[in-house]
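*Asks:* sequence plus predicted model, see below.
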Amino acid sequence: MTGALSLSGVLPFILAAIVIIFGVLFCFFGYRLFKVILAIVGFIFGFVLTAGILYKFTNLTLISGLVGIVGGLIFAVLAFYLYFIGIFILGAYLGIVVWSVISSVTGIVLPFWVAIVLAVLLGVLALVFQKFMIIVTTAFIGAYLIVVTLVTVMKFDASVIPYVNAVGWLILGFLGIFVQYRLTAKKKLKESADIA
């Protein structure tokens, strides 16, 4: 029983550490590890979409989770091999993040159609301005993962959480863009410029 209790106490921190590691990879190495990140985002998107829809209609957690894994794997493969779908999904994911941050800071849950509009808008922008938007989307998605996870683990007072999340997200997101442009993405950007 003690072992089970200690495991349940440690598990949230293990999960938090995994999310933060993914966040760091996204935020500071997004352009360099772009194909891998596309697969990860595709999996998350596919899992949430398929599991969420199935659970809404069946209320079966285990089956929804298993189908979600299959859906996630399908979307991961699509995102990895069909480059433009992956880029659109990445931009769309940032749109959902922006919707979430605005809703949190204002205290007003914006209608879901606003999230859809932001997702489509940023998805299209990601397709039009690919190199720039790959860096911006990965930096801000990674920053969001890091900040929200840290704030949750550190148990800030509920009244300041939205503002800490928003300010931390902006600062870390811009830092991620700077690091990618100056360090981690520099070589790959140069190589692609030389090829072009």
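*Replies:* Thanks, I have the structure now.
*Asks:* any idea how far the spatially most central residue of the chain lies from Tyr93?
*Replies:* In the chain, the centroid-proximal residue (C-alpha atoms, centre = their mean) is Ile141; its distance is 4.3 Å. To Tyr93, Ile141 is 6 Å away according to C-beta to C-beta, to the nearest Å. Any C-beta I mention is one placed from the backbone N, CA and C, and that applies to glycine too.
*Asks:* identify the contacts common to these two.
*Replies:* With contacts defined as C-beta atoms under 8 Å, 6 or more residues apart in numbering, the residues adjacent to both Ile141 and Tyr93 are Val41.
*Asks:* element containing the residue nearest to the centre of the chain?
*Replies:* Using DSSP states H and E, the element containing Ile141 is helix 130-154.
*Asks:* tell me what that helix is packed against?
*Replies:* Helix 130-154 sits against helix 2-29, helix 34-58, helix 83-106, helix 112-128, helix 161-179, with contacts defined as 3 or more C-beta pairs under 8 Å, 6 or more residues apart in numbering; DSSP states H and E.
*Asks:* repeat that for 7 Å
*Replies:* helix 2-29, helix 83-106, helix 112-128, helix 161-179 (3 or more C-beta pairs under 7 Å, 6 or more residues apart in numbering; DSSP states H and E).
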